[in-house]
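S.K.: Pasting the sequence and the predicted model now:
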Amino acid sequence: MPRPRNPHTVPDSILDFEASIYKESFRHFIPAFWETISGAGHLISNWHIDFMARKLEECARRVKEGIPRVSDYVFNVPFGSSKSSVISILFPAWVWTFFPEARFISGTHTKELALDLSVKCKGVILSEKYQALYPHVKLVKDTEGYFINEQGGDRLTCTVGGVTPTGFHGHFVVIDDPIDPQGARSELELDTAKKFMTEIIPGRKVDKDASVTILVMQRLEYRDPTAVMMKVAEDPNVVPVDLICLPGELSEDLSPSLEEIREIYPEAYKEDNLLDPKRLSRRTLNGYRVTLGNAYWSQIMQKPTPPGGGMFKDYYFANRVKAAPYECRRIRYWDRAQTESGGCYTAGVLLAKDKDGFFYVEHVVHGQWEPTERNARIAATALRDRVRYGPKWEPTVYIEEETGSTGKESFQRMAAQLAGFAVRSDKPTGAKDVRADPWSSACAASIVKIVDNGESKNLGRADWDIDNYVLEHCLFKPTPGKRMGGFKDQVDASGGAYNLLAGLKSGEGMRVFTIGESRHNGLRIVVCSRDNVGSTVIQHSVILISIQDPFVSTEEVMRNEGRGQFLERGLPSVLGSPGVDSSGKEVMCNGYQTTDLLVNGAGGLTPNPPAHAFSRCFGTLVLQFADIAPREYQEKWDELILPWNKPPEELQMDREHGKKLWAFILKKRDNNPDVIVVQDDGDRRALSIAYCLCDVLHQPRSIIHVVGNEEMMHKDKEAPNEHVYNVSKLGRGMVVG
């Protein structure tokens with residue numbers, strides 16, 4: 001179409017030259033037509049705009065030629081970075097300069113936003129500059145949210161969950177912010193967006209092979225449309241997705257990699273590690289950190305979870321194995337929901353424990369079903385487990401039982417449906433956060449492995465949704481009055497299975513102890529009892545000093561006190577099958593089961609250090625003496641003390657104990673420990689030794705951390721057992737070093 005003749009206009013030759021330049025390069029078209037966008041103002045140029053344009057140029061050329069697409073596209077870019085102006089407004093106008101018959105379907109989450117983008121795109125096309133350069137692009141139909149040019153190209157507006165593109169097809173399907181940030185946690189909105197991306201959009205293409213889907217959004221939730229597209233693209237029979245992830249500040253997992261970006265744009269993320277120092281300055285981002293809170297990591301950093309997660313870190317689940325050992329004790333734990341597609345999910349987690357104390361997440365069933373279908377799935381899963389593991393190693397089925405008669409009746413009905421299987425009920429107590437503590441600590445201690453059927457090594461595919469499982473754990477971050485994320489069913493079920501396999505009481509917690517910044521070379525002393533040493537995870541190098549009572553003959557205990565009195569005094573409740581010393585006499589360690597005793601080379605018994613959750617323990621010392629102070633026994637020095645039937649002088653801490661203590665502490669090691677753990681039976685011995693260590697090593701007593709019994713800690717008072725303190729201090733002078 002010839003241009004209108006006007007003596008005051010630029011000559012056609014110049015216009016043709018200019019038009020050809022912009023037509024050939026979207027990167028040049030953007031700055032040339034930026035100010036034709038209503039309200040856009042002056043362009044603030046940055047490398048990321050050019051990078052997005054480069055990707056879109058390649059995409060558009062292939063579609064025009066009808067070449068089967070090599071990928072669909074996902075752009076994850078923070079808000080306020082001009083992504084909509086580039087992709088939803090300028091891109092369709094540019095494509096029409098050389099491909100005027102191109103058809104666009106443009107969708108977003110609200111009608112108002114969709115119409116605004118449509119009006120602004122139309123404004124660019126109708127601008128004087130655009131019409132002067134590309135007079136062949138004339139609109140012949142213009143209605144609300146829909147316009148057509150003379151060549152048959154059109155741009156249709158639709159909304160996710162509202163106006164659908166029924167009857168229309170596009171060469172380009174551009175979805176811009178399909179979820180409202182305010183509704184990102186809404187199950188309904190997430191489900192609607194998922195159906196839009198997987199059921200509606202795929203069938204709305206002119207050429208099923210060449211037509212392309214372009215999704216542009218800020219990340220909002222781990223189940224958002226980006227996650228949906230990436231999950232679908234995992235199927236090798238589906239067209240892959242080119243993920244362009246550009247966080248507001250430097251991130252280690254840029255896609256494509258930072259090295260690839262910097263080959264084209266050396267300035268990328270160079271200034272203070274920022275994506276766009278002008279639009280998203282450090283000061284601006286700091287403000288967003290405060291106002292957005294946890295949403296900062298999704299909307300700015302394009303990560304739908306905080307870095308490392310909350311109670312659970314993403315790297316906790318990095319240990320992947322193809323399969324668990326066959327000979328494991330197993331539990332399939334069910335956390336049930338009562339309504340279909342309504343509130344909570346049902347989760348059935350299969351957890352296995354091997355002979356070495358490692359735990360394996362073998363399989364997870366997760367979904368929203370009404371009670372009848374849910375019960376059928378539970379029964380089918382029990383049969384699946386039996387077939388795979390056989391009668392000896394099949395899991396015991398545990399079902400969480402709600403309180404009250406209704407919960408009991410519900411469990412009974414479920415148990416009847418599982419007749420023939422080993423079914424048990426579990427009645428957890430305490431808050432969900434507390435119940436998750438042991439599971440979180442086990443994961444932190446690196447004793448949990450994920451069974452993925454070799455997927456992590458490209459040897460197979462897992463038959464359960466591992467990504468969803470890990471992400472739900474990472475979102476589990478208890479805070480006063482609220483929690484992150486939507487549902488916690490997989491966390492609850494995992495914690496329930498772990499507590500049962502580990503033999504923990506419901507609600508019994510584990511603690512993670514982390515050293516912070518310190519003026520005292522980072523040394524910490526942890527005081528704990530035998531009851532909590534196994535449930536305290538220390539993520540630093542440790543040496544353990546275990547203070548145990550002397551052995552006691554069960555024969556002497558029974559003869560002097562009788563079994564009933566013995567138990568009433570709160571002493572060991574497990575007296576069966578005691579150990580035997582070198583003379584053949586039955587013995588046990590006060591407060592310890594026989595499994596805690598090791599037969600030594602001489603046929604006698606030596607104490608076994610208690611089980612702990614320290615992944616970096618550089619050594620353990622066991623000292624056996626009773627919590628006795630001579631001043632307390634002066635008037636009965638010659639009397640025998642029960643249950644040992646020995647005098648105080650044979651039971652108290654002596655100089656040899658003090659010498660062993662300091663020889664162990666001062667031992668030359670390749671790595672010096674960050675933490676010294678001193679463990680007793682919850683009495684006075686460990687804290688008294690901790691006081692001595694601080695005083696002799698010239699450290700403040702503030703480095704002592706008492707686990708489980710903080711009221712024992714009196715930093716400005718004398719040691720609880722003065723004798724243990726003094727003998728420990730004397731022992732330092734007996735060791736050279």
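M.R.: Sure, I can see it.
S.K.: Every contact and neighbour count from this point should use C-alpha atoms.
M.R.: Will do.
S.K.: V706 bridge partners, please.
M.R.: Listed beta-bridge partners, V706: V527 (assigned using DSSP bridges).
S.K.: And the pLDDT at it?
M.R.: V706 is assigned 87 on the pLDDT scale.
S.K.: number of nearby residues for P391?
M.R.: Neighbour count for P391, taken as other C-alpha atoms under 10 Å: 11.
S.K.: likewise S702?
M.R.: By the criterion of other C-alpha under 10 Å, S702 has 13 neighbours.
S.K.: And what about it, helix, strand or coil?
M.R.: Per DSSP: H, G, I helix; E, B strand; the rest coil, the secondary structure class of S702 is helix.
S.K.: What's the per-residue pLDDT of it here?
M.R.: Predicted confidence (pLDDT) for S702: 85.
S.K.: which residues are contacting stretch 132-144?
M.R.: 1-3, 15-16, 18-19, 96-97, 100, 115, 125, 131, 147-151 (C-alpha atoms under 8 Å, 6 or more residues apart in numbering).
S.K.: what about it, how long is it end to end?
M.R.: Using C-alpha to C-alpha, to the nearest Å, the end-to-end distance of stretch 132-144 comes to 25 Å.
S.K.: Next: stretch 638-653.
M.R.: Stretch 638-653: ends 17 Å apart by C-alpha to C-alpha.
S.K.: Filter the contacts of stretch 132-144 down to the buried ones, PyMOL style.
M.R.: Buried residues among these (16 or more other C-alpha atoms under 10 Å), as a PyMOL selection:
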select buried, resi 15+19+96+97+100+115+125+147+148+149+151
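S.K.: Run through the stretch 501-650 of the chain and note the low-pLDDT ranges.
M.R.: Counting by pLDDT under 70, the ranges of the stretch 501-650 of the chain that qualify are 504-521, 534-535, 553-606, 613, 615.
S.K.: picking that back up, show me the contacts of stretch 132-144 that map onto strands.
M.R.: If you go by DSSP state E, the contacts of stretch 132-144 have 147-149 in strands.
S.K.: Show me how far the one helix or strand V727 maps to is from its chain's centre.
M.R.: Using DSSP states H and E, V727 falls within helix 722-732. Remark: helix 722-732 is offset 46 Å from the chain centroid, using C-alpha atoms, centre = their mean, to the nearest Å.
S.K.: Just the CA trace of it, in CSV.
M.R.: C-alpha atoms of helix 722-732 as CSV (Å, rounded to 0.1, in the frame of the first residue of the first chain):
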residue,chain,number,x,y,z
GLU,A,722,31.3,-29.1,93.5
HIS,A,723,33.3,-32.4,93.8
VAL,A,724,32.9,-33.2,90.0
TYR,A,725,34.0,-29.6,89.2
ASN,A,726,37.1,-29.8,91.5
VAL,A,727,38.2,-33.2,90.4
SER,A,728,37.8,-32.2,86.7
LYS,A,729,39.8,-29.1,87.3
LEU,A,730,42.5,-31.1,89.1
GLY,A,731,42.7,-33.5,86.1
ARG,A,732,44.0,-30.7,83.9
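S.K.: Mind giving me the packing neighbours of that helix?
M.R.: Other elements packing on helix 722-732 under the criterion 3 or more C-alpha pairs under 8 Å, 6 or more residues apart in numbering; DSSP states H and E are helix 655-665, helix 685-696.
S.K.: can you tell me which residues contact T620?
M.R.: 543-546, 609.
S.K.: Of all pairs in the residues you listed, which one is the farthest apart?
M.R.: The largest separation in those, counting by C-alpha to C-alpha, is between I543 and P609 at 11.8 Å.
S.K.: Of these two, which one has the most company?
M.R.: The neighbour count for I543 versus P609, taken as other C-alpha under 10 Å, is higher for I543 (22 against 19).
S.K.: partners of that one in the sheet?
M.R.: Beta-bridge partners, per DSSP bridges, of I543: I676.
S.K.: Can you give me the distance of it to V526?
M.R.: 10 Å.
S.K.: any residues in contact with both of those two?
M.R.: Common contacts of I543 and V526, defined by C-alpha under 8 Å, 6+ apart, comprise 675-677.
S.K.: Just give me the closest of the residues you listed to W334.
M.R.: V677 (37.0 Å).
S.K.: Hmm, E221 is touching P304, no?
M.R.: Yes - between E221 and P304 there is a contact under C-alpha atoms under 8 Å: 5.0 Å.
S.K.: can you list residues touching both of those two?
M.R.: With contacts defined as C-alpha under 8 Å, 6+ apart, the residues shared by E221 and P304 are S298.
S.K.: what comes into contact with the strand or helix carrying I49?
M.R.: Assessed by DSSP H and E, I49 sits inside helix 47-65. Residues outside helix 47-65 that contact it (C-alpha under 8 Å, 6+ apart): 25-27, 68-69, 82-83, 86, 91, 95, 99, 102, 171, 210-212, 246, 265, 267-268, 275-276.
S.K.: And the next helix or strand past that helix?
M.R.: Going down the chain from helix 47-65, the next helix or strand is strand 72-76, by DSSP H and E.
S.K.: Run the angle between that next one and helix 47-65 for me.
M.R.: 160 degrees (axes from the mean of the first three to the mean of the last three C-alpha atoms, to 10 degrees).
S.K.: Packing partners of strand 72-76?
M.R.: Counting contacts by 3+ C-alpha pairs under 8 Å, 6+ apart, strand 72-76 is packed against strand 212-217, strand 241-245.
S.K.: what's the model's confidence in whichever helix or strand comes after that strand, averaged?
M.R.: Next helix or strand after strand 72-76 toward the C-terminus (DSSP H and E): helix 83-84. Helix 83-84 shows a mean pLDDT of 94.
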